[in-house]
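Asker: No letters, just coordinates:
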Ligand SMILES: [Zn+2]
């Protein structure tokens, strides 16, 4: 059976990725990284909901204090304000430096424990806002090469089943496949803030689908209450 470690945060993208992997007959080992993020409790609640729903027994939670020890990053520190949706992402306060490279290393270590030959990320296509550079196809290719230079005798493949899908297509896929998107958690803050780029991305995707999908389904799957409600 194909086996993979999935970096799973309980957000819209990694949940859709989980759904695709399970349907593609992967034996999935979800890995959640606790780096001290404000959204920790809400993310873990979502993560636990979905692993139960997909009948996955094993959840690995790895805690790292790297970001807390080195930076007082606004994604971690309640007293520091995040940037509202920004287009200049590498200088955005929301950019957590080397996050996916760090996460990939942790996933690669875990892959040895569970004998997984694949590591999956929930990266998607450039969506409403610019994508972070460590989610690009170029990053994926070079990361793959890098991991295989380090340990060529244990080949690892980075898989990103959603890389060509926009956020709108992800949400559409979720609704058509009956994924409980309303149980996902994608916000950077401890409670859905409706203003970070992650919240806005999801909200706008639902909004964009209003001509294609009936309002009852949009409301049912939408993790956000409508502002007007
Ligand atoms: Zn938010």
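Answerer: Looks like it came in fine. The structure displayed is predicted, hence computed values, not measured ones. Residues are numbered from 1 along each chain as shown.
Asker: how close does the residue sitting furthest away from the middle of the chain sit to residue 119?
Answerer: Within the chain, the residue lying farthest from the chain centre (C-alpha atoms, centre = their mean) is residue 153, at 28.8 Å. Distance of residue 153 to residue 119, given as C-beta to C-beta, to the nearest Å: 17 Å. C-beta coordinates here come from the backbone N, C-alpha and C atoms, glycine included.
Asker: Mind picking out the helix or strand in the protein with the poorest mean pLDDT?
Answerer: Across the helices and strands of the chain, the lowest-confidence element by mean pLDDT, DSSP states H and E is helix 66-70, at a mean of 76.
Asker: For the protein, which segments count as strands?
Answerer: Remark: strands assigned in the chain by DSSP state E are 2-7, 26-34, 60-63, 118-120, 157-159.
Asker: which parts of the chain sit against the ion?
Answerer: When proximity is defined as C-beta under 5 Å from the ion, the chain approaches the ion at 187, 193, 196, 199.
Asker: pLDDT added to the residues you listed, as CSV?
Answerer: Listed next are these as CSV, based on pLDDT from 0 to 100:
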residue, pLDDT
187, 93
193, 91
196, 86
199, 91
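Asker: Just name whatever secondary elements the top helix by length along the chain is in contact with.
Answerer: Taking DSSP state H as the criterion, the chain has its longest helix at helix 99-114. In this structure, helix 99-114 makes packing contacts with strand 2-7, strand 26-34, strand 60-63, strand 118-120, helix 137-150, judged by 3 or more C-beta pairs under 8 Å, 6 or more residues apart in numbering; DSSP states H and E.
Asker: among these, which is the most enclosed?
Answerer: Highest mean neighbour count of the helices and strands packed on helix 99-114: strand 118-120, a mean of 25 (counted as mean count of other C-beta atoms under 10 Å).
Asker: Now that strand: average pLDDT?
Answerer: Averaging pLDDT along strand 118-120 gives 98.
Asker: for this structure, which spans come out with low pLDDT?
Answerer: Residue ranges of the chain with pLDDT under 70: 71-95, 127-131, 226-229.
Asker: again, 80 this time
Answerer: The chain contains residues with pLDDT under 80 at 67-97, 126-132, 225-229.
Asker: Can you verify my assumption that residue 144 contacts residue 157?
Answerer: Yes - counting by C-beta atoms under 8 Å, residue 144 does reach residue 157; the two are 6.6 Å apart.
Asker: Roughly how far does residue 65 sit from residue 31?
Answerer: Distance of residue 65 to residue 31, given as C-beta to C-beta: 17 Å.
Asker: And stretch 206-213, end to end?
Answerer: 9 Å (C-alpha to C-alpha, to the nearest Å).
Asker: Other residues contacting that stretch?
Answerer: Identification of contacts with stretch 206-213 by C-beta atoms under 8 Å, 6 or more residues apart in numbering yields 168, 171-172, 175, 218, 221-222, 224.
Asker: Nearest to residue 40 among these?
Answerer: Lowest distance from residue 40 to these (C-beta to C-beta) belongs to residue 224, with 19.8 Å.
Asker: residue contacts, that closest one?
Answerer: Applying C-beta under 8 Å, 6+ apart, we find residue 224 in contact with 192, 194, 199, 202-203, 206.
Asker: how much space between the residue nearest to residue 217 when sequence neighbours are not counted and residue 204?
Answerer: Of all residues not flanking residue 217 in the chain, residue 175 sits nearest, at 5.7 Å (C-beta to C-beta, 6 or more residues apart in numbering). To residue 204, residue 175 is 15 Å away according to C-beta to C-beta.
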